Every structure is written in C-alpha cells, then in structure tokens.
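>>> here is my input, please return the structure:
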Amino acid sequence: MNELGTEILLLLNKPYMMVPLFIWIIFWKGFSLWKAATKRQFWWFVILLLVNSLGILEIIYIFVLSKRDLDKGKTLLFLEKKFKRKEKK
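As a prediction, this is how the structure comes out:
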C-alpha cells in the first residue's frame, strides 16, 4: 500500500476522526434522500439508499442530477398504476 493509503487508514482508526465522517455521511445521505422523495424520483431514492459513497454520489445528485427529471416521472406513474389500492365502498 502506498504512503497516502497508509496515512488515511491510520487517521481513520482514531475514534475522534470517525464521528465527523459519520456526521458528514448521514447529513448528505439524509438530504439527498429527502430531495429524491420530494421530487418523487423513486429510482434515485433506491440508489441513494443502497449505495454508500461517503457522500460523493449524494452531493452530485443534490447539485446536478436532481435539477433534471430524467424519465419525466414515468417510473413513478407506472408504479402508482401497478400498485394502486382499490378503495372500499
């Protein structure tokens, strides 16, 4: 392993360095999940929920991808039609 990788591992093995990292990850993940949910972007919500990228994917989603409606809401409309509840009379 190179010197930079070794230094990063030594830094991350210290508990006082893990707390800011967890706060960073939780903040960006929570914000991006909230944004995907409010924009009703189902697939982005699932991807952001399952993929852990230390906040990088979340930041890209928030500042770049969330401004676009990639499928024009077609996925969500399909899911709503497919799993629509029948109302009781």
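>>> hey, which helix or strand in this structure has the poorest pLDDT?
Lowest by mean pLDDT, DSSP states H and E among the helices and strands of the chain is helix 74-82, with a mean of 70.
>>> what residue lies at the spatial centre of the chain?
Central residue of the chain (C-alpha atoms, centre = their mean): residue 48, 2.6 Å from the mean position.
>>> contacts only, for the residue lying closest to that residue once chain neighbours are set aside.
Of all residues not flanking residue 48 in the chain, residue 32 sits nearest, at 5.0 Å (C-beta to C-beta, 6 or more residues apart in numbering). All C-beta atoms are positioned from the backbone trio N, CA, C, and that covers glycine. Contacts of residue 32 were listed using C-beta atoms under 8 Å, 6 or more residues apart in numbering, and they are 48, 57-59, 61-62, 66.
>>> redo those residues as a markdown table? Include pLDDT.
Supplementary listing: those in a markdown table, determined by pLDDT from 0 to 100:
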| residue | pLDDT |
| --- | --- |
| 48 | 85 |
| 57 | 80 |
| 58 | 83 |
| 59 | 82 |
| 61 | 79 |
| 62 | 78 |
| 66 | 72 |
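>>> what about the helices in this protein?
3-12, 15-38, 42-50, 56-63, 74-82 (DSSP state H).
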